[in-house]
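Colleague: Make a model of this:
(chains A and B)
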Amino acid sequence: MAPVPALDRLTLSVREREIVGLVGPSGCGKSTALKLVASLAEPTGGAIFVPGSKRSRLGAFTFMPQGDSLLPWRSALDNASLLLEVHGAPRATARRQAREALESVGLGEFAAQLPSELSGGMRRRVALVRSFLPELPVLLDEPFGALDAITRLDIQGWLLRLHERLPRAILLVTHDVDEAVYLADRVYVMSPRPGRVIHEVSIDLGRPRSEDVIGSSEFAAARAALLREIRRGMGREAA
Amino acid sequence: MIARDVGRTAAATRRRTGPRLAVALRIGRRVLLPASVLVGCVLLWYLLILALSLPSYILPTPLQVLRALVARRWAYLPDVWTTTREIVAGFALGLAVGLPLAVAISRTRTFRDSLYPLLISTQMVPLFALAAPLTILFSYGQMTQILVAALYAFFPIVVTTADGLSRVDPDLIVPIRAAGASEWRIFRSIRMPAALPALFSGSKLAVTFAVGGAVIGEWIGGQSGLGYWMRFQNDSLDISGMYATVVVLTLLGVTLFGIVSLAEYVLLPWHRRSRADLGNLWRGT
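Modeller: Numbers count the residues shown, from 1 in each chain, chains lettered A, B, ... in the order given. Model (predicted):
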C-alpha cells in the first residue's frame, strides 16, 4: 500500500504580535504541521522552509503540547522559569522574570505550589506563562482541549490578556471554531488528508477583546464564514 | 475565575490534611493492623508446637526465643554493627553499579539487548555457591559479605530504574526539546527526576535483598556478624538463640527499609500520596 501524504504544500505566515489559528477536520495534519515547524518531527519527504532559520528549528519556537506538561517535582515558579533556563538564562534571572510574570497575571501567591496542588485551569496558566517568557514565537497545539467549557472560556480570555502583556507571534492549532474566532486575527482552514490550506479568514473583531465579543453579530458572522469554509473543504455544503 | 481556583486549591488542602481524628484513625490502622497480624502469628506458632508436639530443638516457643533475646541483649550490638556496615556497603556498591547500567540499558537498544539476558542470569547463580570461592579469594575483611550483598542489591535497582527511565511521559519532554535542550539537559532535568520514584522502589527491594546477601556471606565465610552468629548457634544446637538472632536481623532489615522509605518521603515531596500520613513509611508506596 502506498503511503498517504499527510500534508501538501502548506504555506503559513504569522506576523509579530499576531495570533493565527489553524483549523480543520480531525486527522487533517494540523498537529503534525506544528511539530514539523518546531522540528519535533521530521518530514518523510519534502522540505520545510522557515525564513531566517537554520535546518533544525529546535530553539527557534516555544511549543506547548496538548497537556500542560508541567514537571511534577518543580514548583509553579520553577516550571514557569524552565524554558528561560534552557535558553541559557542564569537560574536567578530566570526565576526573577518568572516570578514577575506570575505576579503580573495574578498567580504570584501560587508560585511555591507543586503542580499537583493546583487545579487544571491553574496548571494551564502556569504552562502558558512558561511558554510566553522566552521572546520567541509560540506554537500552541490544542492547548485547552481537556478543560471543561467554563474553565476553557476563562483561560481563553486570560490568554488574550497575557498576550497583551507579553506580545508574541502565536500559531494556534485547534479544532474548536469558537476558539479560533475568539482568539485569532486570522485563521487558516485546512482540508482533510492530504492537508492543504484551502482558505484564509480574517477575524476583524479588534483588540483588546473580551468575552462580550462572543455574543456579537460580528462574531456570529465570522464563525459562520469559518464553518462554511471547513465544510466546503470536507466536500459538503452546510446543511 | 481566580477566586474559584483558590477555592478549589483550598478544598484540596482540606482534603489532604483532614480532621485530626481521621489521621489518628489512619495511623492507628497502620499500627494496629500489622500488630494484630503479628499477635495472630505468635498464637499460630504456639498452636503449631502444641498440635505437632514439636521439640524445642526444631521450633522453640516464642517465650524461649524472647528469653534468649533478652539474655544476650547488648551482646548483639557489635554483630549488628558489622552486619549493618556490610549491608550498607553492599547496597551502595549495588547502587554504584546498578545506576549506570540502568542508564545504559534505557538509552541504547544495543545495551538493552546485550546486557539484560546477562543480568537476569546473574540472578540465577545461587550465591551460596559463589560465597565459598569469594571467601577463599578475600580471606580477610568483609569483602565477601559486601560483594554478595551487592550482587543481590544491584538487580532490583537496574530493573526498576531502567524501567522508570524509559517510561517517562513524552509530553513532559516536548517543551524543552522544542526549546533546543541537549540530550544531557533532558536527562538531567526530566528523565532522571522522573525516574527517582522507580529508583526508590528498587532501593527498597535492594536494601531488603542486601540483608539476605550479607547474612549468606557471613554464614559461609564470616568471622563476625549476625549471620556468623546464626551459624554458630545453629552448629551448637542453640536453636532458641538462633531464632532470637533472626528476630534481631528482622528488626535491622525493617529499620533499613524504613530509612530508605523515609529518605524517599523527605527527598520526593512531590511524590507523597498524602502528607499528614506517616503510616506511608511502612506501606512502601
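Colleague: ok, residues contacting stretch A:227-235?
Modeller: A:23-25, A:177, A:189-192, A:198-199, A:201, A:237-238 (CB atoms under 8 Å, 6 or more residues apart in numbering or on different chains). (Each C-beta comes from the backbone N, C-alpha and C, glycine too.)
Colleague: which one of those is nearest A:Arg74?
Modeller: A:Val23 (33.0 Å; CB to CB).
Colleague: Spatially nearest residue to that closest one, not counting backbone neighbours?
Modeller: A:Ala180 (5.0 Å; CB to CB, 6 or more residues apart in numbering or on different chains).
Colleague: Isn't the one you found up against A:Gly24?
Modeller: No: at 10.3 Å, A:Ala180 does not count as touching A:Gly24 under the criterion of CB atoms under 8 Å.
Colleague: who touches the helix or strand containing B:Ile173?
Modeller: According to DSSP states H and E, B:Ile173 maps onto helix B:170-178. Residues outside helix B:170-178 that contact it (CB under 8 Å, 6+ apart): A:38-40, A:58-59, A:61-67, A:69, A:71, A:82-83, A:86, A:130-131, A:139, B:185-186, B:189-191, B:194.
Colleague: quick one, helices of chain A?
Modeller: A:30-37, A:76-80, A:82-86, A:91-104, A:120-132, A:149-165, A:177-183, A:217-233 (DSSP state H).
Colleague: What is the fifth one packed up against?
Modeller: Helix A:120-132 is packed against strand A:62-64, helix A:76-80, helix A:82-86, helix A:91-104, strand A:138-141, helix A:149-165, helix B:2-17, with contacts defined by 3 or more CB pairs under 8 Å, 6 or more residues apart in numbering or on different chains; DSSP states H and E.
Colleague: Just give the closest residue to B:Leu115, not the sequence neighbours.
Modeller: In space, B:Leu115 is closest to B:Ile105, 5.9 Å off (CB to CB, 6+ apart).
Colleague: Specify the local secondary structure of that neighbour.
Modeller: Classification of B:Ile105 using DSSP: H, G, I helix; E, B strand; the rest coil returns helix.
Colleague: Does it touch B:Ser114 like I think?
Modeller: No: using CB under 8 Å, B:Ile105 is not in contact with B:Ser114; the gap is 9.5 Å.
Colleague: which one of those two has more residues nearby?
Modeller: Remark: of B:Ile105 and B:Ser114, B:Ile105 carries more neighbours, 24 against 12, as counted by other CB atoms under 10 Å in any protein chain shown.
Colleague: Now do the phi/psi pair for B:Val80.
Modeller: phi -60, psi -40 (degrees, to the nearest 10).
Colleague: In contact with it, which residues?
Modeller: Taking CB under 8 Å, 6+ apart as the test, what B:Val80 contacts is B:Leu226, B:Val248, B:Leu252.
Colleague: of those, closest to chain A?
Modeller: The shortest approach to chain A among the contacts of B:Val80 belongs to B:Leu252, at 31.5 Å (CB to the nearest CB).
Colleague: Run a quick neighbour tally on the closest one.
Modeller: 20.
Colleague: ok, now B:Ala150?
Modeller: Close neighbours of B:Ala150, defined as other CB under 10 Å, add up to 26.
Colleague: cool, B:Gly98 as well?
Modeller: 27.
Colleague: which SSE is the closest residue to it other than its chain neighbours in?
Modeller: Excluding its sequence neighbours, the residue lying closest to B:Gly98 (CB to CB, 6+ apart) is B:Ile157, at 3.4 Å. If you go by DSSP H and E, B:Ile157 is part of helix B:143-166.
Colleague: okay, that helix in CSV with CA atoms only?
Modeller: Presented in CSV, the C-alpha positions along helix B:143-166 are these (Å, rounded to 0.1, in the frame of the first residue of the first chain):
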residue,chain,number,x,y,z
MET,B,143,34.7,-8.1,51.2
THR,B,144,32.9,-11.4,50.5
GLN,B,145,29.8,-10.3,52.5
ILE,B,146,29.8,-6.9,50.8
LEU,B,147,30.1,-8.4,47.3
VAL,B,148,27.3,-11.0,47.9
ALA,B,149,25.1,-8.2,49.3
ALA,B,150,25.9,-6.1,46.3
LEU,B,151,25.1,-8.9,43.9
TYR,B,152,21.7,-9.2,45.4
ALA,B,153,21.2,-5.4,45.6
PHE,B,154,22.1,-4.2,42.1
PHE,B,155,19.5,-6.3,40.3
PRO,B,156,16.3,-4.6,41.5
ILE,B,157,17.9,-1.2,41.1
VAL,B,158,18.8,-1.9,37.5
VAL,B,159,15.4,-3.3,36.6
THR,B,160,13.2,-0.6,38.3
THR,B,161,15.4,2.3,37.3
ALA,B,162,15.8,1.3,33.7
ASP,B,163,12.0,0.9,33.6
GLY,B,164,11.4,4.3,35.2
LEU,B,165,13.8,6.0,32.8
SER,B,166,12.2,4.5,29.7
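Colleague: Buried residues of it, list them for me.
Modeller: Of all the residues in helix B:143-166, those buried under the rule 16 or more other CB atoms under 10 Å in any protein chain shown are B:143-165.
Colleague: do you know how far the residue nearest to B:Leu115 is from chain A?
Modeller: Going from B:Ile105 to chain A by CB to the nearest CB, to the nearest Å gives 23 Å.
Colleague: still on that earlier bit, and the helix holding B:Ile157, what's its mean pLDDT?
Modeller: Mean pLDDT, computed over helix B:143-166, is 93.
Colleague: Quick check: the gap between the closest residue to chain A within chain B and A:Val129.
Modeller: Nearest to chain A in chain B, going by CB to the nearest CB, is B:Gly180, at a distance of 2.6 Å. B:Gly180 sits 19 Å away from A:Val129, going by CB to CB, to the nearest Å.
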